[in-house]
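Chemist: My questions concern the predicted model and sequence given below.
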Amino acid sequence: MDRITRCRRALAACVLAVSLAAVPLPGFAAPTEFEPPAPKVDPDFAAGKSAIEAKQWQVAIKSFTSAVQHDGRNADSENYLGYAYRNAGDLDAAFKHYERALQLNPRHRGAHEYMGEAYLLARQVDKAEEHLAQLKSICRSSCEEFDDLAKSIARYRAQGSK
């Protein structure tokens with residue numbers, strides 16, 4: 001094959017490749033048209049978050065209990081359920097759900113913060129400080145959860161553990 005024929009074939013192959021790349025295939029969107037599907041939000045989880053914002057603790061407990069039944073591997077649901085129980089005054093249930101959140105995700109910053117705050121309510125500052133130490137290790141520098149728990153412990157100590 002001579003040089004001109006090889007060049008023509010190479011050119012034809014390039015034109016074909018460019019043409020095929022420009023034609024969208026059925027079922028495939030162009031990269032600029034692709035939008036990932038929105039993550040599915042559990043309606044009970046969403047209702048629980050709204051109830052927490054409204055400080056409707058019993059509604060939050062009911063919603064997050066349902067969310068946990070739908071997905072027993074969601075550390076956030078367990079953490080929020082513990083938070084709702086703590087604010088409703090049921091520390092035993094709060095501890096149970098914080099512990100479950102930490103079983104699912106030992107580095108869950110929110111669960112460490114909230115469990116530490118629950119320990120302050122139970123007048124167990126030493127255990128609250130253990131969770132503060134965990135947060136220091138998890139956050140490495142500073143994070144909101146560490147800062148919030150540190151302030152809660154400082155206020156607790158300033159009040160003379162009343």
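Modeler: Received the coordinates, thanks. Keep in mind that what you see is a predicted model, and the values were worked out from it rather than measured.

Chemist: who are the neighbours of the helix or strand harbouring Ala94, in terms of helices and strands?
Modeler: Secondary structure assignment for Ala94, by DSSP states H and E: helix 91-104. The criterion is 3 or more Cβ pairs under 8 Å, 6 or more residues apart in numbering; DSSP states H and E, and the helices and strands that helix 91-104 contacts are helix 75-88, helix 109-121. (C-beta placed from N, C-alpha, C; glycine too.)

Chemist: next one: that helix to chain centre, how far?
Modeler: On the basis of Cα atoms, centre = their mean, to the nearest Å, helix 91-104 sits 16 Å off its chain's mean C-alpha point.

Chemist: Domain ranges for this protein, per the record?
Modeler: Per the record, the chain has its domains at 3-30, 43-158, by automatic domain parsing.

Chemist: Make TSV out of those domains and add distance to Pro37.
Modeler: Formatted as TSV, the entries for these read as follows, by distance: least, Cβ to Cβ, whole Å:
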stretch	distance to Pro37
domain 3-30	12
domain 43-158	17
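
Chemist: Highest mean neighbour count out of the ones you listed?
Modeler: The highest mean neighbour count among the domains of the chain belongs to domain 43-158 (a mean of 18), with neighbours defined as mean count of other Cβ atoms under 10 Å.
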